[in-house]
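# Here is a sequence with its predicted model. Questions after.
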Amino acid sequence: DTAVSQTPKYLVTQMGNDKSIKCEQNLGHDTMYWYKQDSKKFLKIMFSYNNKELIINETVPNRFSPKSPDKAHLNLHINSLELGDSAVYFCASSRTGGTLYEQYFGPGTRLTVT
Amino acid sequence: EDQVTQSPEALRLQEGESSSLNCSYTVSGLRGLFWYRQDPGKGPEFLFTLYSAGEEKEKERLKATLTKKESFLHITAPKPEDSATYLCAVPSGSARQLTFGSGTQLTVLP
C-alpha cells in the first residue's frame, strides 16, 4: 500500500527527446508537488498543484509541464531534454488547509540525459 | 529570499555518541519547520513538524527543537540504522512550497 508512487524508477534518454514521469498518491491528499534533486543532493521545488491552483517556481524552464488527470495523479512532462535536466525527480503530496501539513514523498525517478 | 542552512554538512559518530544537527533559517514570517530523513536511493521521509519557537518533538532517539532563528535535531545514543541524510525545510512563498536545506549526512559507526 505505497502512499506516493512514481514510474519509472530510472529513465535514460537522449538529448532532445520528450519524456514523462508518472506520479500517483493514495493518501487522499489534494495538493501534489514536483521537486528536483541535483547531484549535490539539493532538493528544490518545481511545482505545486491542486485542483484550483498551479504554482510554478520561476526558475523552472517552460519545457517542464505538470499534468493532472485527477486529484490522485500529477505527471511531469519534459520536452526537448537537455544534459542539465539529469537529476532525481521526486513527487510529493499533502493535505491543504489552514494548518501547515507535512508533505509525503515518492521514491524518486533518476533521469539521465545522454 | 528565504534561506535554509544546515550544519555540519557531514557528521560521523560512534554508536552511542550523542550529538546535534543544526538548521538555521531566514524567512519572512516563520510558519513552521519540517525535519525529514533521506536514505540513499529513497525519497525524504517525514519526521517532525515544529510550528513555533519553543516547541519540541521527540521520536525514539531523535528530538527536534525550534527557536526563532534555528532548529536543532538532537540524536541521543545513535545506532548505525540512524545513518542517513537529515533535511530541514521551511514553507516559503506559497505556504505549500518548501525551501530545503542542503542536509547533514550522518554516519553512525558500530
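Alright, I've got the coordinates.
# Which positions in chain A make contact with chain B?
For chain A, the residues in contact with chain B under the definition CB under 8 Å from any CB of the partner chain are A:4, A:31, A:33, A:40-45, A:48, A:50, A:55, A:57, A:90, A:92, A:94, A:96, A:100, A:102-108. C-betas here are computed from N, CA, C, even on glycine.
# tell me the contacts of residue A:50?
Contact analysis of residue A:50 by CB atoms under 8 Å, 6 or more residues apart in numbering or on different chains lists A:30, A:31, A:32, A:71, A:96, B:96.
# The closest residue to chain A within chain B: what's its closest spatial neighbour, skipping adjacent residues?
Taking CB to the nearest CB as the measure, the point where chain B comes nearest chain A is residue B:43, at 3.5 Å. In this structure, residue B:43 finds its nearest non-sequential neighbour in residue A:105, 3.5 Å apart by CB to CB, 6 or more residues apart in numbering or on different chains.
# Count the residues that sit near the one you found.
By other CB atoms under 10 Å in any protein chain shown, 23 other residues sit near residue A:105.
# who does it bridge with?
Each beta-bridge partner of residue A:105 is listed here, defined by DSSP bridges: residue A:92.
# That one is in contact with residue B:37, isn't it?
No. Residue A:105 sits out of contact with residue B:37 when judged by CB atoms under 8 Å, with a separation of 10.8 Å.
# Any idea which helix or strand in the chain has the lowest mean pLDDT?
The chain I'm using is chain A. Lowest mean confidence among the helices and strands of chain A (mean pLDDT, DSSP states H and E): strand A:54-56, at a mean of 80.
# Wait, chain B was what I had in mind.
Among the helices and strands of chain B, strand B:98-100 carries the lowest confidence by mean pLDDT, DSSP H and E, at a mean of 91.
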